[in-house]
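*Asks:* can't give you the sequence, but here's the structure:
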């Protein structure tokens, strides 16, 4: 019951040369302490002698000729697979840096532990540095040397606080030069960039730059984002998605049980995921809510806010006829970004607000296009006010600040009142709003994320040892037990396409959106009508680290891998 | 991984005579399924032959002579203790009804399972009824017969949906008569009322009424509320508090790790608990936040909103000097109810709004007392608007609708800007608001709540078997392992005092508030200065049902029982 101070791996206290104390002075809960001690399984391929085998030459996801021009030194590289070796393979000590980039995702510490353990076990005499505060740490040369005592308390722990993260980008020629100075000064053999689509694109540009400058420093990426939108065939999932979705699903399941017990509330739950709706889809598959809005489908069907409102209201009215005046509705954070008419309204508002006075009488509204005018009038007054009043320093409307769940509650209320007046609805509607966000980014990683991240990190170490650069660490065969997972690297250029920005081609790793013809969405679509009217709620309960439920991975991944669940 | 349909205890499907399907058609998660199968430990006293021993006669918490007048048939009853018996004690089949009253709390289903199993094991041939939708079910005679198939899927499950709950009260002579009709029609030997302080007072009034009418129906109460404010020496805790606090603490711990990783947000977390601040205190003890506001202390020290704001702002400024521009702040839902000046302002506003026009120019404000005027001007404009615009159907200001966490963020922002202007603060403040409420009321109960509730229910069955009425089921010695727990009943009249309402004495069980001189608050008070400036965050992690951390109960209970933690 009592929280225990963290003991270091060798039983000692912080070593004198540990530059910052990190978590060595932290007090841990019993569960945290037990997680530190949790032994991480490795794929069997990483447990005995192994070497690297190259695959065929690669191309790009789109516009290969432009990608080839942008990455003259890296384009076309083969993928790499860790394969068994009859003999021990000679290795040498390495100097490796690691950097966390962008938002938190459970498991990041285990990627670092994986690299660290690779170096300890396979490349004795190596040195590892953690760049502090994200890419800015690389540019400014701010780092901490990672030793066993420093790393130990972070094993299987949530958060990114071992070295923290940041959202800076290495973009300008000066910034690339700063990064070069840092890696040269530290004599780095390799840099591991743990991040999302943007950060991995950046990692590849850095790898290209280093190679072009004939530096020895190589760059390997790792797929991180709770949003689940960095994935492809070779990289089946990004880490953190599993844990975050399970934390949100625990809360959703609890709220569902509350809704069913109380019998009088509709809970509107907004979930993280601005660009893609994977989190909402996964939570829907785990919990079976009455309504789940998937942004990609809303965009595909070119739905209006009115149509979305009508859909929710229809479900509420049908449920009222069945005697159910409660329910749970999931909404992706980025919903309104998927609705074209809203984007149009926002653009017009920004234009008008920049040049005109918003008069009380509302004459300014005449400057809106008829369609936008209609949409504006359809919005609840609180949202109208928010759009007009709360603007960013550039005077622009702040879409991100709109609490979509509260907006939908207000719009549904209005629509229900109309139906009540028309004699089509006679029940009582009470909406409760929720936003599940920060709670999910730094939880203790699930067994799946813990093992997946450890293998990603261990594999990244191996890729660097074998001289690879511009690859993203790739762990596959994830439907099988950990022992059977495959390990290797995929050329980052193979994941890329170009976008035209300011008259120039920019390389991008396209975000993986929810595919309406892929298994997870199809499963959801085949069941949602039943979920809407019947109460098929599932309560996944809290994440378990041992016993029943502790080793299951998420539905999205399993369905994408063809597993029937 | 796949969710499993619930199998009934005897392997069959719903029996034909099950009046409503309940959860028999539910699909369960792996964790839910494993919880159904979880064998519930019983105190050893309940595992072999036992009988009941009476203690000394009881009195009341206050005004015993008035309580004696209000409860002529029940006042002065002895408490009862389950004690070993050398021989089997003769029992007879019973007809028992059970009702859930008030808000959800994890473990309610297990109280019902405890009663049910008592009847199955110790009073064969008994019948059990669940009244549907709370006390209204008793008055209207709406019930379901509880059989093994019906009850089974709810074992160790969260929520109150087996029979649902309600907030109606049995108050008027007509309503007492309706209750009498129902229990007479069903020929009930006993009624178990599972509820909070109000519901248990009501249970006692009902027991008194039944006894006065010479009915055979006896009434036993059970202590339920996540707020933790129904407790006394004999009833050391109310069920649900343990689970709810652990769910909130999981989320708080995650948010703390996020705060430390991101380094740029102050998270203001509002927690349930309108009348008492036990939840906030317990979560503080579990997680070590930088600031925790305890309503009882704010009231005791007669603090103003300005003073509370200054306290938070001081911590933020001191942390900024140490380089920490992030933190976590816990706020009890009922905070502003504890601030006398706010109550005064609300009263004046209600008066003014009822009689005057609120003019744009603000001339109406001159009708506020100077102190209230000052406070009103101190409030953020969004809160001012909310107070003036969003009123209830009676035209009254809706204090409950104020999002205290957002109000405090706005007030702290304003204060920080003043200090910035005075050169006393130069950092950047970003507040993030959270409300953790509904997520905690219906989670899967912890091992502690599961066992505690089961013993409460089993004990309630025994109390009814031995002819007791007007007692609250009392399980004690909770710092020891379950086997050593004590079981018995405490006279509800012994927990009572009177309040004068509308010229009459009304019996009440006084809510147990956070005591500033008791161990939990003292421990918090002794550590909060350290927590404020140093980052002593603890992440309790998700509730575990097996393995490390699964059997710990909460800090408040242990400290109150004198255990050093």
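*Replies:* Alright, I've got the coordinates. Just so you know, these numbers come straight off a predicted model, no measurement behind them.
*Asks:* buried sites along stretch A:377-384?
*Replies:* Applying a neighbour-count criterion of 16 or more other C-beta atoms under 10 Å in any protein chain shown, one finds A:378-380, A:383 buried in stretch A:377-384. Using the backbone N, CA and C atoms, a C-beta is placed for each residue, glycine as well.
*Asks:* What's the nearest residue in the stretch 301-450 of chain A when you look at chain B?
*Replies:* Of the residues in the stretch 301-450 of chain A, the one nearest chain B is residue A:442, at a distance of 3.8 Å by C-beta to the nearest C-beta.
*Asks:* As CSV, the buried residues of stretch A:377-384 with distance to chain B and pLDDT would be great.
*Replies:* Shown next, in CSV, are the buried residues of stretch A:377-384 (distance: C-beta to the nearest C-beta, whole Å; pLDDT from 0 to 100):
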residue, distance to chain B, pLDDT
A:378, 21, 88
A:379, 18, 89
A:380, 13, 86
A:383, 14, 84
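*Asks:* The residue of the stretch 301-450 of chain A closest to chain B is in contact with residue A:157, isn't it?
*Replies:* No. With contact defined as C-beta atoms under 8 Å, residue A:442 does not reach residue A:157; the gap is 9.2 Å.
*Asks:* Need the residues touching each of those two.
*Replies:* Here residue A:442 and residue A:157 have residue B:257 as joint contacts, going by C-beta atoms under 8 Å, 6 or more residues apart in numbering or on different chains.
*Asks:* who has more neighbours, these two?
*Replies:* Neighbour count, other C-beta atoms under 10 Å in any protein chain shown: between residue A:442 and residue A:157, residue A:442 has more, with 33 against 29.
*Asks:* Relative to residue A:81, how far out is that one?
*Replies:* Counting by C-beta to C-beta, to the nearest Å, the gap between residue A:442 and residue A:81 amounts to 33 Å.
*Asks:* do the same with residue A:512
*Replies:* Residue A:512 is 22 Å from residue A:81, by C-beta to C-beta.
*Asks:* one step back: the residue of the stretch 301-450 of chain A closest to chain B sits in which helix or strand?
*Replies:* Following DSSP states H and E, one finds residue A:442 outside all helices and strands.
*Asks:* separation between it and residue B:257?
*Replies:* 4 Å.
*Asks:* between these two, what contacts are shared?
*Replies:* A:104, A:158-159.
*Asks:* Which one of these is nearest to chain B?
*Replies:* Distance to chain B, by C-beta to the nearest C-beta, is smallest for residue A:159 among the shared contacts of residue A:442 and residue B:257, at 3.7 Å.
*Asks:* burial measure for the closest one, as a count.
*Replies:* Residue A:159: 29 neighbours (other C-beta under 10 Å).
*Asks:* wait, doesn't it sit right on residue A:445?
*Replies:* No. Assessed by C-beta under 8 Å, residue A:159 is found out of contact with residue A:445, at 9.9 Å.
*Asks:* which residues touch residue A:525?
*Replies:* By C-beta under 8 Å, 6+ apart, residue A:525 lies in contact with residue A:516.
*Asks:* Next one, pLDDT for it please.
*Replies:* Note for residue A:525: predicted pLDDT of 98.
*Asks:* Residue A:2 now?
*Replies:* Looking at residue A:2, the pLDDT reads 45.
*Asks:* hmm, back to that, among the buried residues of stretch A:377-384, which lie within helices?
*Replies:* Counting by DSSP state H, the buried residues of stretch A:377-384 place A:378, A:383 in helices.
*Asks:* can you map out the helices along the stretch 251-400 of chain A?
*Replies:* Applying DSSP state H, counting those that start in this stretch to the stretch 251-400 of chain A gives helices spanning A:278-287, A:295-300, A:305-321, A:340-355, A:370-378, A:381-389.
*Asks:* right, I mislabeled it, should have said the stretch 451-565 of chain A
*Replies:* Listed in chain order (using DSSP H, counting those that start in this stretch), the helices of the stretch 451-565 of chain A are A:519-533, A:555-560.
*Asks:* so, in contact with chain B or not, the helix or strand hosting residue A:97?
*Replies:* Secondary structure from DSSP H and E places residue A:97 in strand A:95-100. No. Using C-beta under 8 Å from any C-beta of the partner chain, strand A:95-100 never reaches chain B; the gap is at least 8.7 Å.
*Asks:* Dump the shared contacts of residue A:442 and residue B:257 into TSV; add secondary structure and distance to chain B as well.
*Replies:* What follows is the shared contacts of residue A:442 and residue B:257, written out as TSV (DSSP: H, G, I helix; E, B strand; the rest coil; distance: C-beta to the nearest C-beta, whole Å):
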residue	secondary structure	distance to chain B
A:104	coil	5
A:158	coil	5
A:159	coil	4
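*Asks:* interface residues of the stretch 151-300 of chain A facing chain B?
*Replies:* A:157-161, A:164-165, A:247, A:250-251, A:253-255, A:257-258, A:260-263, A:265, A:267, A:286, A:288.
*Asks:* What subset of those residues is buried?
*Replies:* Buried among those by 16+ other C-beta under 10 Å: A:157-161, A:164-165, A:247, A:250-251, A:253-255, A:257-258, A:260-263, A:265, A:267, A:286, A:288.
*Asks:* among these, which are in strands?
*Replies:* residue A:267 (DSSP state E).
*Asks:* Cross-check the contact I'm expecting between residue A:187 and residue A:97.
*Replies:* No. Between residue A:187 and residue A:97 there is no contact under C-beta under 8 Å: 10.4 Å.
*Asks:* of these two, who's got more company?
*Replies:* Between residue A:187 and residue A:97, residue A:97 has the larger neighbour count (other C-beta under 10 Å), namely 25 against 10.
*Asks:* show me what contacts that one?
*Replies:* A:128-131, A:138, A:143, A:183, A:186, A:188, A:190-192.
*Asks:* and if we set it to 7 Å?
*Replies:* Residue A:97 sits next to A:129, A:131, A:143, A:183, A:186, A:188, A:191 when contact means C-beta atoms under 7 Å, 6 or more residues apart in numbering or on different chains.
*Asks:* Residue numbers of the stretch 451-565 of chain A in contact with chain B?
*Replies:* For the stretch 451-565 of chain A, the contact set with chain B under C-beta under 7 Å from any C-beta of the partner chain comprises A:536, A:538-549, A:552, A:565.
*Asks:* Among those, which has the minimum pLDDT value?
*Replies:* residue A:565 (78).
*Asks:* any idea how far residue A:551 is from that one?
*Replies:* Separation of residue A:565 from residue A:551 (C-beta to C-beta): 14 Å.
*Asks:* Looking at these two now, which is surrounded by more residues?
*Replies:* Neighbours per residue, other C-beta under 10 Å: of residue A:565 and residue A:551, the larger number sits with residue A:551, 17 against 13.
*Asks:* for the more buried one, what are its contacts?
*Replies:* When contacts are counted by C-beta under 7 Å, 6+ apart, residue A:551 touches residue A:447.
*Asks:* Let me see the ranges of the strands in the stretch 451-565 of chain A.
*Replies:* A:471-476, A:486-491, A:496-501, A:504-509 (DSSP state E, counting those that start in this stretch).
*Asks:* Dump the ones you listed into TSV; add mean pLDDT as well.
*Replies:* Output for the strands of the stretch 451-565 of chain A, formatted as TSV (pLDDT from 0 to 100):
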stretch	mean pLDDT
strand A:471-476	98
strand A:486-491	98
strand A:496-501	93
strand A:504-509	95
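*Asks:* which of these sits most buried?
*Replies:* Between the strands of the stretch 451-565 of chain A, strand A:471-476 has the highest mean count of neighbours, a mean of 28, where neighbours are mean count of other C-beta atoms under 10 Å in any protein chain shown.
*Asks:* Identify the bridge partners of residue A:329.
*Replies:* Note on residue A:329: beta-bridge partners by DSSP bridges are residue A:268, residue A:291.
*Asks:* count of neighbours near it?
*Replies:* 23.
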